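> Predicted coordinates and the sequence they were generated for:
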Amino acid sequence: KNEVEQSPQNLTAQEGEFITINCSYSVGISALHWLQQHPGGGIVSLFMLSSGKKKHGRLIATINIQEKHSSLHITASHPRDSAVYICAVRIIQGAQKLVFGQGTRLTINP
Amino acid sequence: DVKVTQSSRYLVKRTGEKVFLECVQDMDHENMFWYRQDPGLGLRLIYFSYDVKMKEKGDIPEGYSVSREKKERFSLILESASTNQTSMYLCASSRRFRSNQPQHFGDGTRLSIL
């Protein structure tokens, strides 16, 4: 079993819909990252959080440390949000490294 | 803004060739990482370096080596390329861990071994 599990693996929605991507992990962590990868490959860091909630524009990330779970929400989704969203955790031991989920491929249709 | 630059976006090589992938970062980061990304497997760490001339094996180091002679440059070497090394390779850098620091990624090199 992977230490970081994302769901769903693929998600297709219509423009304007509210999107939720989930991430569960099985190890102790010091931080969780949400990353975005557009077609072509480059990866951008969206959020880094260790507790609570963060918001940037239409994106919201939450984390529940006790339940070992994080969610990434997108409000008023737009076709330009189409990308692969990746959850990654920094485990407490060996903390220089990240452990990655498999990613969620999001497609927003106009 | 941090810039992580990978030398090639696309590369095609033949089985048995020695292949060099280069990565340069311009923010004086101590840590640098090489990952490969395959469908269904996500990103997997090949090697990382936390200082010049220092390196540590990641999860899948077999068939690869690395070189870090200067702080800004981290090279991934495929000693004798094989078809199962066809993949997307991503380089990243970050500040040395004191508090949580994000990793900054390059655009990736899509490598095909024929």
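In hand now; what should we look at? Residues are numbered from 1 along each chain as shown, chains lettered A, B, ... in the order given.

> mean confidence score for stretch A:42-62?
Stretch A:42-62 carries an average pLDDT of 94.

> Give me the distance from it to the chain's centre.
Taking Cα atoms, centre = their mean, to the nearest Å, one finds the center of stretch A:42-62 at 8 Å from the center of the full chain.

> What segments of the chain are strands?
No chain specified, so I'll use chain A. Assigned by DSSP state E, the strands in chain A fall at A:4-7, A:10-14, A:19-25, A:29-37, A:43-49, A:52-56, A:59-64, A:69-74, A:83-91, A:98-100, A:104-109.

> not what I meant, chain B
Here chain B has its strands, by DSSP E, at B:4-6, B:10-13, B:19-25, B:31-38, B:42-51, B:54-57, B:64-70, B:73-78, B:87-94, B:104-105, B:109-113.

> contact partners of the shortest one?
Residues from elsewhere that reach strand B:104-105 (Cβ atoms under 8 Å, 6 or more residues apart in numbering or on different chains): A:35, A:42-45, B:2, B:4, B:25, B:27, B:29, B:90-94. Placement of C-beta: from N, CA and C, glycine included.

> Give me the average confidence score over it.
What strand B:104-105 shows for mean pLDDT is 92.

> Next: the last one.
In this model, strand B:109-113 has an average pLDDT of 96.

> partner residues bridging the closest residue to B:Tyr47 other than its chain neighbours?
Ranked by Cβ to Cβ, 6 or more residues apart in numbering or on different chains and with sequence neighbours excluded, the top spatial neighbour of B:Tyr47 is B:Val66, at 4.4 Å. Beta bridges link B:Val66 to B:Leu76, judged by DSSP bridges.

> Do I have it right that B:Val66 meets B:Trp34?
Yes: counting by Cβ atoms under 8 Å, B:Trp34 is a contact partner of B:Val66 at 6.5 Å.

> If you drop the residues flanking it in sequence, what lies closest to B:Lys70?
Closest residue to B:Lys70 apart from its sequence neighbours, by Cβ to Cβ, 6+ apart: B:Val52 at 6.6 Å.
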